[in-house]
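Peer 1: return a 3D structure for these sequence lines:
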Amino acid sequence: MKYLIKRLLEAVPVFLIIITAVWVMVRFVPGGPFDKERPVSPETMAALNSYYGLDKPMHVQYLQFLKNLAKGDLGPSYKYNGWSVGEILREKAAVSLQLGFCALVIALFFGIALGILSAVFRRGVLGVVFSAASLAGVCLPAMVLGPVLILIFSLKLKWFNSMGWNSPADIILPSITLSLFYVAWISRLTRSGIVAEIQKPYVRTALAKGVGPAKIFCVHILRNALEPVISYLGPAAAGLLTGSFVVESLFQIPGLGKFFVSSALDNDYTMILGCVMLYALFILVFNIFSDALLALVNPKIAKELNK
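Peer 2: Alright, predicted model coming up:
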């Protein structure tokens, strides 16, 4: 508990550093949020800058940003008239979260299962096949896998829609596309962890005492072998929940990805900051969650962390 409180307190300044760095960087990018609009008179441009407070000194704008952030106000979007950043995040992030959560479940289930099979059959042909499959998953990017899945399962077999977000089945192909890379990495981590644990003396001692192989594997080997997977779970979960830009574009999913990309192209300062804050929050929270889960699985780690 002491460690979690410490991590939460540490996360606050890290979060502020991240959003401050991004706030400064977007302000020094050439151009402004209204430069790509239709040509307007200098008076109109000055009125727009005055209305949104962009004519004030940088330090005044930053302090106003922090003041609004403390109230939960992320400001209006400069690109999408009539929409606030908070409204866009609430509506569109829900879609990205659904996609990321489904991909995370697939990655954990199939990654751990494939890793166990690779370790159990590591001396046979099946072990080679499973290891090769995990290696292929690491090397195959989403921008290649997505069109292949669309070609096979949408255009040829016609099992799923090639794009859109209209029915529960529409989440299947995007989730598989997004999760494959993480399935491969979790599989490799699980396999290496199991192989390392099998060779430790406590396994031979337990077998000599008559403990069943199944009990040794499930209670001791697998629990210890999954520690690297749990450590990887934090950045993996954050990556799945925030790294769906390519997948959302391929399958025309109305998630947050396209808003982040368009806001970066249009210098929509408030939208960029809102997306970055959301993604930074995901990364910090999931890393703390993975540390807590790791301490729960291994009490020795919990004792070390709480010192």
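
Peer 1: residue contacts, the closest residue to residue 264 other than its chain neighbours?
Peer 2: Among residues not flanking residue 264 along the chain, residue 272 sits closest, at 6.0 Å (C-beta to C-beta, 6 or more residues apart in numbering). C-betas here are computed from N, CA, C, even on glycine. With contact set as C-beta atoms under 8 Å, 6 or more residues apart in numbering, residue 272 has these partners: 22, 26, 260, 263-264.

Peer 1: just residue 65 next, same as before
Peer 2: Residue 65 sits in contact with 23, 75, 273, where contact means C-beta under 8 Å, 6+ apart.

Peer 1: got JSON lines for these, with distance to residue 230 too?
Peer 2: Listed next are the contacts of residue 65 as JSON lines, based on distance: C-beta to C-beta, whole Å:
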{"residue": "23", "distance to residue 230": "34"}
{"residue": "75", "distance to residue 230": "37"}
{"residue": "273", "distance to residue 230": "32"}
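
Peer 1: among these, which are in helices?
Peer 2: Within these, residues falling in helices by DSSP state H are 23, 273.

Peer 1: mind naming the longest helix for this protein?
Peer 2: The chain, longest helix under DSSP H: helix 85-120.

Peer 1: relative to residue 29, how far out is residue 79?
Peer 2: Separation of residue 79 from residue 29 (C-beta to C-beta, to the nearest Å) stands at 15 Å.

Peer 1: so the two - more neighbours on which side?
Peer 2: residue 79 (21 against 11; other C-beta atoms under 10 Å).

Peer 1: the longest helix of the chain packs against which elements?
Peer 2: helix 125-139, helix 172-198, helix 227-242, helix 245-250, helix 257-265, helix 269-297 (3 or more C-beta pairs under 8 Å, 6 or more residues apart in numbering; DSSP states H and E).

Peer 1: need the ones you listed in a markdown table (columns: mean pLDDT and distance to residue 220).
Peer 2: Shown next, in a markdown table, are the helices and strands packed on helix 85-120 (pLDDT from 0 to 100; distance: least, C-beta to C-beta, whole Å):
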| stretch | mean pLDDT | distance to residue 220 |
| --- | --- | --- |
| helix 125-139 | 73 | 22 |
| helix 172-198 | 84 | 8 |
| helix 227-242 | 76 | 12 |
| helix 245-250 | 77 | 38 |
| helix 257-265 | 73 | 42 |
| helix 269-297 | 79 | 12 |
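
Peer 1: wait, which of those helices is closest to residue 108?
Peer 2: Smallest distance to residue 108 across the helices and strands packed on helix 85-120 (C-beta to C-beta): 6.6 Å, for helix 172-198.

Peer 1: so residue 277 touches residue 19, yeah?
Peer 2: Yes. Proximity of residue 277 to residue 19 meets the contact threshold set by C-beta atoms under 8 Å, at 5.5 Å.

Peer 1: any idea of the pLDDT on residue 45?
Peer 2: In this model, residue 45 is scored at 66, pLDDT.

Peer 1: next one: residue 4
Peer 2: 67.

Peer 1: do the same with the one 4 residues further on
Peer 2: With respect to pLDDT, residue 8 has a value of 75.

Peer 1: check residue 30 too.
Peer 2: pLDDT, residue 30: 68.

Peer 1: with residue 83 instead?
Peer 2: pLDDT, read off for residue 83, is 76.

Peer 1: and the one 3 residues further on, by the same measure?
Peer 2: Residue 86 is assigned a pLDDT of 81 by the prediction.

Peer 1: just give me the neighbour total for it.
Peer 2: So residue 86, with other C-beta under 10 Å, has 16 neighbours.

Peer 1: mind checking how far it is from residue 78?
Peer 2: 14 Å.
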